[in-house]
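A.B. asks: sequence and predicted structure, then a few things I'm wondering about:
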Amino acid sequence: MKTNPRKPKKRNLKSLHNYYSYTGFYKYLNENIKKSIWPIVGVVVSLILFDRYVFDVKEGLSFITENFSEKTILLIFFISESVLGLIPPDLFIAWAEFQSNPFLMLFILAVLSYLGGVLSYWQGVGIASIPSIKSKMDTRFAESIRNTRRWGGFLIIVGALLPLPFSPASLVAGFIGYPHRLFLRFALFRFLRFAIYGLALFSFF
């Protein structure tokens, strides 16, 4: 008698779906998508209004390109992506269009963002080994730590894709000891994020 190998898969997917529903992952995801949409709309509208009535954004980006070396800007970007995402990466994506090879620069930015996440992961691992700092982290990132323990890889994917700082998600993953190999795999979604936003911003400018 032949067995249907698809049934266990369907059962596993259904169990996974039920688990994420029960633990509130979909609600959390929905709330964060809503939170991220308004900042995106705000940034786009602000850019359009600023560009039209205040200052030519293209001129500003051209000024940055002419007065700062690529290495300097890339270093600033990498530091930002490694330390809690201090500067929105979208500004650097817009800057990439004004380089001699925009898509190559976009790819370099994605690589640096990915590596910044990896560095943040190891920062989390290091912090977890220092009791005094660990206790502060447990308090400050309590919700993120709890959610990462619940949802693991899916939360890393959300952090990689949504317009939210990726560094804190990576830091927490390292802090709780999330498997390194799995983190590296799920963090690859960061490249998809840069591809989507790159195409959107390149068409705008």
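C.D. replies: Ah, there it is.

A.B. asks: longest helix of the chain?
C.D. replies: The longest helix of the chain (DSSP state H) is helix 102-128.

A.B. asks: spatially nearest residue to Phe25 (excluding sequence neighbours)?
C.D. replies: Closest residue to Phe25 in three dimensions, ignoring its sequence neighbours and counting by Cβ to Cβ, 6 or more residues apart in numbering: Trp151, at 5.2 Å. Heads up, the C-betas are built off the backbone N, CA and C, glycines and all.

A.B. asks: the one you found: neighbour count?
C.D. replies: Here the count is done by other Cβ atoms under 10 Å, and Trp151 has 19 residues near it.

A.B. asks: same check, this time on Leu112
C.D. replies: 21.

A.B. asks: against Tyr28, how distant is Glu110?
C.D. replies: Not quite, residue 110 is Ala, not Glu. Taken as Cβ to Cβ, to the nearest Å, the spacing of Ala110 relative to Tyr28 amounts to 26 Å.

A.B. asks: and the end-to-end length of stretch 96-110?
C.D. replies: Across its full length, stretch 96-110 reaches 11 Å end to end, with Cα to Cα, to the nearest Å as the criterion.

A.B. asks: can you give the distance of that stretch from its chain's centre?
C.D. replies: In terms of Cα atoms, centre = their mean, to the nearest Å, the centre of stretch 96-110 is set 18 Å apart from its chain centre.

A.B. asks: now do that stretch: everything it contacts.
C.D. replies: Where contact means Cβ atoms under 8 Å, 6 or more residues apart in numbering, the residues beyond stretch 96-110 that reach it are 58, 61-62, 65, 70, 74, 77, 89, 92-93, 190-191, 193-195, 198, 201-202, 205.

A.B. asks: buried stuff in the helix or strand harbouring Glu143?
C.D. replies: Taking DSSP states H and E as the criterion, Glu143 maps to helix 142-151. Judged by neighbour count using 16 or more other Cβ atoms under 10 Å, the buried positions of helix 142-151 are 144-145, 147-148, 151.

A.B. asks: kindly report the same for stretch 194-205.
C.D. replies: Residues of stretch 194-205 classed as buried: 194, 197-198, 201 (neighbour count, 16+ other Cβ under 10 Å).
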